[in-house]
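Colleague: just the structure for this:
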Amino acid sequence: MRLAYRFAIASDKITADGVEVTGFPDLARRYRVSSVPKTVVGEGGEFVGAQGESALLDHVLKAALPGPAATDA
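Modeller: Down below sits the predicted model:
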């Protein structure tokens, strides 16, 4: 979460929210959270496990692309 928050502070085009899914089961179902940490980027990008800054940046940049390329992993 700290890394996602840093990205959000650096750009007004990025927002970051941290959610404790045990308190929000509807969100856990919506985003298919079965293990944590899970990061959801945009509407189609997601990954499970801790990732470094470059990996998160790759996901953010892909999510920013227009069209179907944004959801390609």
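
Colleague: which one is residue 37 nearest to, not counting chain neighbours?
Modeller: Of all residues not flanking residue 37 in the chain, residue 50 sits nearest, at 6.1 Å (CB to CB, 6 or more residues apart in numbering). C-beta: built from backbone N, CA, C; applies to glycine.

Colleague: next, count neighbours for that neighbour.
Modeller: Number of residues near residue 50 (other CB atoms under 10 Å) recorded here: 10.

Colleague: could you verify my assumption that it touches residue 38?
Modeller: No. The pair residue 50 and residue 38 fails to qualify as a contact (CB atoms under 8 Å) at a distance of 10.6 Å.

Colleague: run through the strands of this structure in chain order.
Modeller: 38-41, 45-48 (DSSP state E).

Colleague: closest to residue 29 out of these?
Modeller: Residue 29 lies closest to strand 38-41 among the strands of the chain, at 12.6 Å (CB to CB).

Colleague: helices or strands up against the closest one?
Modeller: Secondary-structure packing of strand 38-41 (3 or more CB pairs under 8 Å, 6 or more residues apart in numbering; DSSP states H and E): strand 45-48, helix 53-64.

Colleague: hmm, who's touching the longest one?
Modeller: Looking back up the chat, that one is helix 53-64. 3-4, 7, 13-14, 39, 41-45, 47, 51, 69-70, 72 (CB atoms under 8 Å, 6 or more residues apart in numbering).

Colleague: ok, now stretch 7-25?
Modeller: Residues contacting stretch 7-25 (CB under 8 Å, 6+ apart): 1, 4, 5, 27, 28, 33, 36, 56, 57, 60, 64.

Colleague: ok, back up a step: looking at the helices and strands packed on strand 38-41, which is buried most?
Modeller: Greatest average neighbour count among the helices and strands packed on strand 38-41 goes to strand 45-48 (a mean of 16), per mean count of other CB atoms under 10 Å.
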